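Novice: okay, sequence plus prediction incoming.
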Amino acid sequence: MANTHFTGPVFSANGFVGSITGAVVGTTTGIDIASIQLLSGAGAVDVINATTELTTTGVAQALTLIDGVSGQFKNVVHTVDGGSAVLTPTTKTGFATITFTNVGDSIFLQYHTTRGWMVVANYNTTIA
């Protein structure tokens, strides 16, 4: 979607209601900011959905995260507790792993081409 002009109301999940007028300039990259990946047990945290909701089903379950596109954000939230999970992104800066232990643990990451995934915000995860 390049040079698209739009005007309309904005409604958000947190209760914000407002309006927006402006132009979107750029291209899409195949990232779906509205959808949520539901991941149960060990496996790959995707780079398609902006958010992954994690259900743990064992202890120290291995999670992987491949490289994204520069500027991309990724949010991972532990939503159902059946143990713990350890996330190891392919390329990262400032950490090696992120461990989710309790419901509500969450991490917000941003990908940079030259640095990999970097932590923007952390709630109660263990970063090592």
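Specialist: That came in fine, so what should we check first? None of the values given here were measured: they were computed from a predicted structure.
Novice: distance of the residue lying closest to residue 58 once chain neighbours are set aside relative to residue 61?
Specialist: Using C-beta to C-beta, 6 or more residues apart in numbering and skipping residues adjacent in sequence, the residue nearest residue 58 is residue 83, 4.6 Å away. For every residue, glycine as well, the C-beta is placed using N, CA and C. Residue 83 is 7 Å from residue 61, where distance means C-beta to C-beta, to the nearest Å.
Novice: the more surrounded of the two?
Specialist: Ranked by neighbour count (other C-beta atoms under 10 Å), residue 83 and residue 61 place residue 61 first, with 21 against 14.
Novice: phi first, then psi, for the more buried one.
Specialist: Main-chain dihedrals, residue 61, degrees, to the nearest 10: phi -70, psi 140.
Novice: not counting sequence-adjacent ones, nearest residue to residue 128?
Specialist: Using C-beta to C-beta, 6+ apart and skipping the chain neighbours, the partner closest in space to residue 128 is residue 97 (5.2 Å).
Novice: might you report the residue contacts of the one you found?
Specialist: When the contact criterion is C-beta atoms under 8 Å, 6 or more residues apart in numbering, the partners of residue 97 are 86-88, 127-128.
Novice: okay, now residue 121: neighbour count?
Specialist: Using other C-beta under 10 Å as the criterion, the residues surrounding residue 121 number 10.
Novice: identify the bridge partners of it.
Specialist: According to DSSP bridges, the residues that bridge with residue 121 are residue 108.
Novice: and it, how close does it get to residue 61?
Specialist: With distances taken as C-beta to C-beta, residue 121 is found 23 Å from residue 61.
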